[in-house]
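Trainee: Test case, fold it:
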Amino acid sequence: MAAALLASTTESATVQVESAGVAALSGEGPDPAVQDLLAAKGLDISGHRARQLELTLARNFELILAMEARQVDWIKRAYPQLWGRTYRLGHWLDLDILDPYGGSSQDLQNAKSVIEKSLDQWHQRIQFA
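Mentor: Coordinates of the predicted model:
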């Protein structure tokens, strides 16, 4: 959800947004409820497939945003070379964004709202161009 929302708010073809997890069920498609929620915003994530974060992927990015502090800690321990570019998505709001997977539609909506607020904070501080 976060990757699709970020990609939809970047205005430059030079910005690359990808998604990977620290405990991803590799190969799995998106939750149908998340697909529906984002489709209401005109975003199609049906082709998304989960994958595990690996150094070969991560080293290609200047900024890595994780949802929770424990994920940031895991990334920094597993890949110390990513230390200066790995942050929580909710860094500027000082909050974790809990995974709403399997939750209610309200849980998904709440997560989307917090993700959007967090992305807004990042956009205020850096140029995604």
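
Trainee: need the longest helix for the protein.
Mentor: Longest helix in the chain, counting residues (DSSP state H): helix 105-125.

Trainee: Give me the mean pLDDT for that helix.
Mentor: Across helix 105-125, the average pLDDT comes to 93.

Trainee: so what secondary structure elements neighbour that helix?
Mentor: helix 2-9, helix 32-39 (3 or more CB pairs under 8 Å, 6 or more residues apart in numbering; DSSP states H and E). Quick note: C-beta positions are derived from backbone N, CA and C, even for glycine.

Trainee: what about this structure, any weak spots by pLDDT?
Mentor: 12-13, 128-129 (pLDDT under 70).

Trainee: what sits against residue 54?
Mentor: Contacts of residue 54 were listed using CB atoms under 8 Å, 6 or more residues apart in numbering, and they are residue 20.

Trainee: For it, give its distance to residue 26.
Mentor: Counting by CB to CB, to the nearest Å, the separation of residue 54 from residue 26 is 10 Å.

Trainee: picking that back up, just how off-centre is the longest helix of the chain within its chain?
Mentor: 10 Å (CA atoms, centre = their mean, to the nearest Å).
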